[in-house]
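In: Generate coordinates for the sequence data below:
(chains A and B)
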2 protein chains.
Amino acid sequence: MPHHSLHGGDPSVLRRLNSAATLRALRDGGEATLSELARRVGLSRPTTEGVLGELIDRGLAAEDAPRPGGGLGRPARRYRFRAEAGHALGIDVDAHRVRLLVADLAGEVVGGHRAALAGRAAPGERITAVRAAVRACLAGAGVVRRSLRAVAAGTPGVVAPDGTVTSCTVVPGWEGVHLARELGRSFSCPVLVENDANLAAMAERWRGAARDADDVVCVHAALHTGMGAIIGGRLHRGRWGAAGEIGMLDELGLRDTTASLVPEAGSGPLFEEAERVLDAAGRGSAEARDRVERLAARMARGVAAMALALDPEMIVVGGPLVGSGAPLVAALREHVAPLSLSPVRIEGSELGEESVALGAVRLALDRIDEDLFRLDQPAGRPLLTGPAEQHRGRPPASA
Amino acid sequence: MPHHSLHGGDPSVLRRLNSAATLRALRDGGEATLSELARRVGLSRPTTEGVLGELIDRGLAAEDAPRPGGGLGRPARRYRFRAEAGHALGIDVDAHRVRLLVADLAGEVVGGHRAALAGRAAPGERITAVRAAVRACLAGAGVVRRSLRAVAAGTPGVVAPDGTVTSCTVVPGWEGVHLARELGRSFSCPVLVENDANLAAMAERWRGAARDADDVVCVHAALHTGMGAIIGGRLHRGRWGAAGEIGMLDELGLRDTTASLVPEAGSGPLFEEAERVLDAAGRGSAEARDRVERLAARMARGVAAMALALDPEMIVVGGPLVGSGAPLVAALREHVAPLSLSPVRIEGSELGEESVALGAVRLALDRIDEDLFRLDQPAGRPLLTGPAEQHRGRPPASA
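Out: A predicted model of the protein is given here:
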């Protein structure tokens, strides 16, 4: 009778399972001796040694300097994950600016760059300017282009699963642009594109105010206010990438967020004017406070609608407007509560203006992880760390 | 060196793994001979025989009548899942009615009952009436009470995870009632309580219009209109059980749905009047069609808000009002489209008035499955069917 095991008896799948488990143990658990690593993964010492050799050949692991031990004899060799073996690039592009962050495989940000964009630039010019910013970012960080293993970009608007901007009222001419393909021309690695509020939500969940929450609504206050949702610890994109676009309904008060803070149009660059009002409100100006109050009362309906739809654990309020916007967060807290059924917590973002680029880095790292830990197995199966290997007819090795 | 395997080397966990896998294979794959079953699960024949013996002892499997074979010799014994080994009861209680369905462990509905409730009854009286309906349902179906392995009830309003109704504008005095505990006094099995629109969503996903969809919004049109959401194939309850309560916002047009169809208040029982209007609209009455149009235009804002928040694959429109409500579904389709960003499909429910009770049956069956397939392992781990067992130092048995 044939035995149908999880790995179908295919030794190459088994090898990948062991390799993925060892790599993960080394990356997430920190440097280790061979024996420590074998114990961590639950594999035999000889198997771990073989797998480690392969990871070293692939450039993903390296022998570390031995610790100067106080004991007698030669100290055991130590191994570490080579975080520098590759990089992830995150791009945040909107009508007026592009921001970039580049991180190593351990997620440590090693460089960044920002540049102004011409608000009325055509898509082609805008993309050319983004390319120049990428060059500057990589040069500044000392990262060579071929070290990039994935790139992700965030943009206002709805982004279809294939990376086309299907709807966008903020960036001129952006609608219909296959942004993933256009940006992809500059890179030999995978390039992903995602809505900016969705990336902000990923960043808040990764390193922001939502680190400990699995169900989160992120409010991204910018020119308009967008929303991103984390459900069950993962970004909820929706069937056509349009989840969170509740601002489509005018009565929910999520449009023209920035403009509504500014006394009269045309007095200066919109964002700077709006920031001035928020600063004044923070310093106690009655007129500025009144403006912030009115904006919060208006936005509260949209924020509450999203919260009523999802009943999240918490709401994080961020976006370019919230950098100096503690008064806006406080006012929202007050205005959302009476519209809510649940005692949802509302917190301001701690990530400032980098949230979208940081979320893009996370998305790129997730894509890299897919490749690193890919098993060519049906999706949804967890890593199997050890037992299948241990029982393949060989007596257990003792340490 | 200790070996950290998936089952930690504990033979009782291993036995439960094998038992759960065999039970599932027998239930989902249909009756089988011992050899067929062993092959299906990927266990050895002797192990399968042992597990099957246990399942027979627990009353969950039985030897079936042998098939009259044309061949020579004694036909192989056949085994089947004993769906009649237990039952699940689903209850749908609102201000005016209680509906019940009882199903066996395979989910086949074996009986049902419905009774009118006094609209102004106090919670105690209402629960007493529900108990009487349960007795009538079980008697009519010929199911003894001790055969029930789980009970679930649906109600309008917000239901906290512990089964307390925390908010309800439809059933007098319901707010604050710990409904799970109150109903629980009648049963020795687990009793769950859930929002009615959420249960309708579960029913649509199980046996309704959303069978093939993983991300679904269900619109439950009743006295007010509630919403339930399936995300990634599972009901999304929200942190405090309040997901989908977007109707809290008046401007989204989800309140007083039934009343808005009826020409003048007090002319008769509300639901019957509303059904008369929907029937008339179906027959082409211009005045009735006009009323349905106006209702759809109003509801469309709430339906679109939920769809914009989640960007689902499809929207199913059901609830008591939609039994004869094809005109309402058609009108909603027309009014929601211009408010949407995605080409979402809108379908009418095929489940009629039984959707909430059927969803309650599904919820109860899920609870029973948890017990049947419980492995006392960290949640989220999949069933491991075979290989760990096969390699525990015993040479593979040949069939």
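
In: So, low pLDDT: which residues of the stretch 251-399 of chain A?
Out: A:265-268, A:324-325, A:375-399 (pLDDT under 70).

In: try it again with 80
Out: Scanning the stretch 251-399 of chain A for pLDDT under 80 picks out A:263-269, A:323-325, A:374-399.

In: for the stretch 51-200 of chain A, same thing?
Out: A:65-75.

In: Quick check: residues of it near chain B?
Out: A:158, A:166-167 (C-beta under 8 Å from any C-beta of the partner chain). In this view, the C-beta of every residue, glycine as well, is placed from N, C-alpha and C.

In: which ones among those are found in strands?
Out: A:158, A:166-167 (DSSP state E).

In: Among the residues of the stretch 51-200 of chain A next to chain B, which one is most surrounded by other residues?
Out: Among those, residue A:158 has the most neighbours (other C-beta atoms under 10 Å in any protein chain shown), with 24 neighbours.

In: Identify the residue spatially nearest to residue A:188, adjacent ones excluded.
Out: Leaving aside its sequence neighbours, residue A:188 sits nearest to residue A:146 (C-beta to C-beta, 6 or more residues apart in numbering or on different chains; 7.0 Å).

In: what sits against residue A:122?
Out: Contacts of residue A:122 were listed using C-beta atoms under 8 Å, 6 or more residues apart in numbering or on different chains, and they are A:172-173.

In: gap between it and residue A:177?
Out: To residue A:177, residue A:122 is 10 Å away according to C-beta to C-beta, to the nearest Å.

In: Tell me the secondary structure at the residue nearest to residue A:188.
Out: helix (DSSP: H, G, I helix; E, B strand; the rest coil).

In: My guess is it contacts residue A:187. True?
Out: No: Residue A:146 is not in contact with residue A:187 according to C-beta atoms under 8 Å; the separation is 9.5 Å.

In: and those two? which has more neighbours close in?
Out: More neighbours surround residue A:187 than the other of residue A:146 and residue A:187, with 17 against 11 (other C-beta under 10 Å).

In: Thought residue A:148 was touching that one, still the case?
Out: Yes: counting by C-beta under 8 Å, residue A:187 touches residue A:148, with 6.1 Å between them.

In: Which residue is the nearest non-sequential neighbour of residue A:247?
Out: Residue A:247 sits nearest to residue A:254 (C-beta to C-beta, 6+ apart), 3.3 Å away.

In: got a list of what that neighbour touches?
Out: A:224-227, A:246-247, A:299, A:302.

In: which SS state does it fall under?
Out: Residue A:254 ends up coil, using three-state DSSP.

In: Distance of it relative to residue A:270?
Out: 16 Å.

In: coming back round to it: what are the phi and psi values for the residue nearest to residue A:247?
Out: Residue A:254 has phi and psi values of phi -100, psi 0 when expressed as degrees, to the nearest 10.

In: That one and chain B: what is the separation?
Out: The gap separating residue A:254 from chain B is 10 Å, by C-beta to the nearest C-beta, to the nearest Å.

In: And that residue, how far from residue A:220?
Out: Counting by C-beta to C-beta, the gap from residue A:254 to residue A:220 is 10 Å.

In: swap in residue A:141?
Out: For residue A:141, the distance to residue A:220 - C-beta to C-beta - is 26 Å.

In: Of the two, which one has the most company?
Out: Using other C-beta under 10 Å as the criterion, residue A:141 and residue A:220 rank with residue A:220 on top: 31 against 21.

In: got a list of what that one touches?
Out: A:196-197, A:200-201, A:226-228, A:318-319, A:355-356.

In: Inside helices: which ones of those?
Out: A:196-197, A:200-201, A:355-356 (DSSP state H).

In: For the stretch 201-350 of chain A, just list every one of the helices.
Out: Assignment of helices within the stretch 201-350 of chain A using DSSP state H, counting those that start in this stretch yields the ranges A:270-282, A:286-310, A:326-336.

In: Compare those helices and give me the one nearest residue B:136.
Out: helix A:286-310 (37.5 Å; C-beta to C-beta).

In: Show me what the closest one is packed up against.
Out: strand A:216-221, strand A:225-231, helix A:270-282, strand A:314-318, helix A:326-336, helix B:286-310 (3 or more C-beta pairs under 8 Å, 6 or more residues apart in numbering or on different chains; DSSP states H and E).
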